[in-house]
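Asks: this one's structure only:
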């Protein structure tokens, strides 16, 4: 009986310690967005997912401000296209309005973009 209890406890602990399917999907989506960070290493600081249709992109505001207007437009377009492609890959057959929010280091909104899938 003691062995069965020990095994049950070990299985429960292992189940609680492993990430949920939602956490795995969120991690995969953020990982898939890392190409944007590599393309704009001085500007893009990181990513966060908010309810499943919103990606938050953290920016280094000083470098963002130093970008020319065409580069800012390209960054926003590239980020939105990548987010749309990543979301569609991880949510096949689903539809949503996707939101992309750019914030500075203290969480102030810098820009917002949306697209429909």
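Replies: Here it is on my side, so go on. Here the structure is a predicted model, which means the values were calculated and not measured. Residues are numbered from 1 along each chain as shown.
Asks: So, low pLDDT: which residues of this structure?
Replies: Across the chain, the ranges flagged by pLDDT under 70 are 1, 3-17.
Asks: which residues in it form strands?
Replies: All strands of the chain, identified by DSSP state E, fall at 44-50, 54-59, 97-103, 109-116.
Asks: among the ones you listed, which is the most enclosed?
Replies: strand 54-59 (a mean of 21; mean count of other Cβ atoms under 10 Å). Quick note: C-beta positions are derived from backbone N, CA and C, even for glycine.
Asks: Mind giving me the packing neighbours of that one?
Replies: For strand 54-59, the elements it packs on are strand 44-50, helix 69-90, strand 97-103, judged by 3 or more Cβ pairs under 8 Å, 6 or more residues apart in numbering; DSSP states H and E.
Asks: and the angle for the first one with helix 69-90?
Replies: It stands for strand 44-50. Orientation check (axes from the mean of the first three to the mean of the last three Cα atoms, to 10 degrees): strand 44-50 against helix 69-90 gives 40 degrees.
Asks: ditto for the last one
Replies: When the same axes, to 10 degrees is applied, the directions of strand 97-103 and helix 69-90 differ by 140 degrees.
Asks: Which residues does strand 97-103 contact?
Replies: Strand 97-103 is contacted from outside by 50, 53-59, 64, 76, 79-80, 83-84, 87, 109-117, using Cβ atoms under 8 Å, 6 or more residues apart in numbering.
Asks: for the second one, same thing?
Replies: Under the criterion Cβ under 8 Å, 6+ apart, residues 25, 28-29, 32-33, 35-36, 39-40, 43-44, 53, 55, 57, 64, 67, 96, 98, 100, 102, 111, 113, 115, 117 lie in contact with helix 69-90.
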